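# here's my sequence, what's the structure:
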Amino acid sequence: MIIHAKAYPRAGLIGNPSDGYFGKTISFVFKNFAAEVLLYQSPELEILPNTRDHSKFKSINGLAEDVRLFGYYGGIRLLKATVKRFHDYCAENAVKLDNRNFTIRYHTNIPSQVGLAGSSAIITACLRALMAFYEVSIPKPVQPGLVLSVEKNELGIMAGLQDRVAQVYEGMVYMNFARDIMERCGHGEYEELDVGLLPNIYLAFREDLSEESGVFHNDIRGRFDRGDPQVVEAMKYWAALAEQARNCLVERRLERIPELLNANFDMRRKIYKLSPGNLLMVDTARSAGASAKFTGSGGAIIGTYEDEAMFNRLAEALAAIKVKIIKPVFKPPEKTPS
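Next up is the predicted model:
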């Protein structure tokens, strides 16, 4: 039996980055790209490398270009850490695993390190494959925390829950990570929303602006933990924006969404040190009349546009600074293990 499992990139619509700080967010997955894991039974457990994991290069320039595109880490560490964390979860919850081995490999075309949650997509797909192979059921609200623990506990990558929630649930999700809820339940409260509620949405990204999320979040985490009033209040502000956006979507008051998205980024601009390239993407999109904010940790933006004429102006303006633009593709969520 060959098991195929997929997961998709995530776009943070609003509220980020408050998800790691007891806030509220709205995110959705889109299916223009995907991470896929293939798993089948074998005599020994083997993790096969992807092209992103190779160690042989044509030249020193080739090595430098590979690092620019994919960073210093490929996907093998993600698969290895997921398998280990899955094993530990099963042991902790008295779930007996069959004495079988497997070979596993992955493929992804999700743009790397641009804030589209490509790493957690690989982990989520791997977790789905393992659940299917061993016929293990893990409650859906628990799965995002398990995926996050792979990154935070096993690999030391700082991140929040929103990416993993959206990728586990698929579609669009409004998430409440209030401290009392997290402490009482061990996870947030998640409300699935119809992606058909969204106004006209675009995504744009430029791969040479990327940086790992862990690097991006580190200073803010320290300031939050120290009780820095500016950061603490910013997290509350972003959470309030997400709640307002949720109500506007449900009540079909879509004219307010652009204003809320812009406000989300304007606060980020005040408290984060942002690269000139990232700022240029946002400012260029806004100069064409669109709203714009980061989808995640930088390198990609999301926003709204009024009509095709505005989208064409936006595409032309972003192309001039070598930024790719897409309209997110949505399909009905696929049935996944729960």
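# lowest confidence element among the helices and strands of the protein?
Using mean pLDDT, DSSP states H and E, the weakest-scoring helix or strand in the chain turns out to be helix 213-225, at a mean of 69.
# past that helix, which element shows up next along the chain?
Going down the chain from helix 213-225, the next helix or strand is helix 229-250, by DSSP states H and E.
# in that following helix, what's buried?
By neighbour count with 16 or more other CB atoms under 10 Å, helix 229-250 contains the buried residues 231, 234-235, 238-246, 248-249. Glycine gets a C-beta too; all of them are placed from N, C-alpha and C.
# can you check stretch 45-63 too?
In terms of neighbour count (16+ other CB under 10 Å), stretch 45-63 has its buried residues at 47, 50, 52-53.
# any chance of these in CSV, plus pLDDT?
CSV is the format used below for the buried residues of stretch 45-63 (pLDDT from 0 to 100):
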residue, pLDDT
47, 94
50, 86
52, 75
53, 80
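# closest to residue 18 out of these?
residue 52 (30.7 Å; CB to CB).
# is that closest one in a helix, a strand, or coil?
helix (DSSP: H, G, I helix; E, B strand; the rest coil).
# from residue 29, how far off is it?
Distance of residue 52 to residue 29, given as CB to CB, to the nearest Å: 21 Å.
# picking up where we left off before, need the max-distance pair from the buried residues of helix 229-250.
Once CB to CB is applied, the buried residues of helix 229-250 give 231 and 249 as the farthest pair, at 27.2 Å.
# who's in contact with the residue most central in space within the chain?
Nearest residue to the geometric centre of the chain (CA atoms, centre = their mean): residue 117, 2.9 Å. Neighbouring residues of residue 117 by CB atoms under 8 Å, 6 or more residues apart in numbering: 9-10, 110, 163-164, 166-167, 296.
# in strands, which of the residues you listed fall?
residue 10 (DSSP state E).
# tell me which two of the contacts of residue 117 sit farthest apart.
So, the contacts of residue 117 by CB to CB: farthest apart are 110 and 164, at 14.5 Å.
# who's more crowded, those two?
A direct count of neighbours by other CB atoms under 10 Å for residue 110 and residue 164 places residue 164 higher, at 29 against 20.
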